[in-house]
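A.B. asks: model this:
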Amino acid sequence: MNGLILVKTSVGAVEEAIREAKKIEGVVDAYAVFGRFDMVVLLEAKDFPSLMRTAVSVSALKGIRSTETLVEGD
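C.D. replies: From the prediction side, this is the model:
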């Protein structure tokens with residue numbers, strides 16, 4: 001199961017948030033983007049509960065203001 005998280009960070013926090021997100025199990029990649037969001041986090045998990053645990057871990061990182069999680073439709 002795949003998902004992605006659209007993330008808004010505090011000013012100046014995106015680089016550290018990317019580094020820390022990449023350390024979380026289930027995070028495939030994370031990178032900065034331009035537009036309404038500051039970064040995107042790509043997720044991969046065996047099932048929905050695992051995907052949501054990873055999403056909660058990402059949203060708890062220092063400097064994260066808000067997130068929107070998108071889950072792969074089957």
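
A.B. asks: can you list contacts of stretch 42-55?
C.D. replies: For stretch 42-55, the external contacting residues (Cβ atoms under 8 Å, 6 or more residues apart in numbering) are 1-5, 24-30, 67, 69, 71. Backbone N, C-alpha and C define where each C-beta goes, glycine included.

A.B. asks: can you pull the contacts of residue 31?
C.D. replies: Residue 31 touches 18, 39, 40, counting by Cβ under 8 Å, 6+ apart.

A.B. asks: show me the beta-bridge partners of it.
C.D. replies: Under DSSP bridges, the beta-bridge partners of residue 31 are residue 40.

A.B. asks: show the pLDDT at it.
C.D. replies: Looking at residue 31, its pLDDT is 97.

A.B. asks: next, name the residue at the spatial heart of the chain.
C.D. replies: residue 41 (3.6 Å; Cα atoms, centre = their mean).

A.B. asks: next, count neighbours for the residue lying closest to residue 45 once chain neighbours are set aside.
C.D. replies: In space, and not counting its chain neighbours, residue 45 is closest to residue 51: 3.9 Å by Cβ to Cβ, 6 or more residues apart in numbering. Residue 51 has 20 neighbours, counted by other Cβ atoms under 10 Å.

A.B. asks: and for the one 10 residues further on?
C.D. replies: Other residues lying near residue 61 total 20 when counted by other Cβ under 10 Å.

A.B. asks: likewise for the one 10 residues further on?
C.D. replies: Around residue 71 sit 15 other residues, with neighbours defined as other Cβ under 10 Å.

A.B. asks: contacts only, for it.
C.D. replies: 1, 2, 3, 48, 51.

A.B. asks: in PyMOL, select just the buried ones from the residues you listed.
C.D. replies: The buried residues among those can be selected in PyMOL (16 or more other Cβ atoms under 10 Å) with this line:
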select buried, resi 3+51
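
A.B. asks: if we can go back for a sec, buried subset of the contacts of stretch 42-55 as a ChimeraX selection?
C.D. replies: This is how ChimeraX selects the buried members of the contacts of stretch 42-55, with burial counted by 16+ other Cβ under 10 Å:
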select :3,4,5,24,26,27,30,67,69
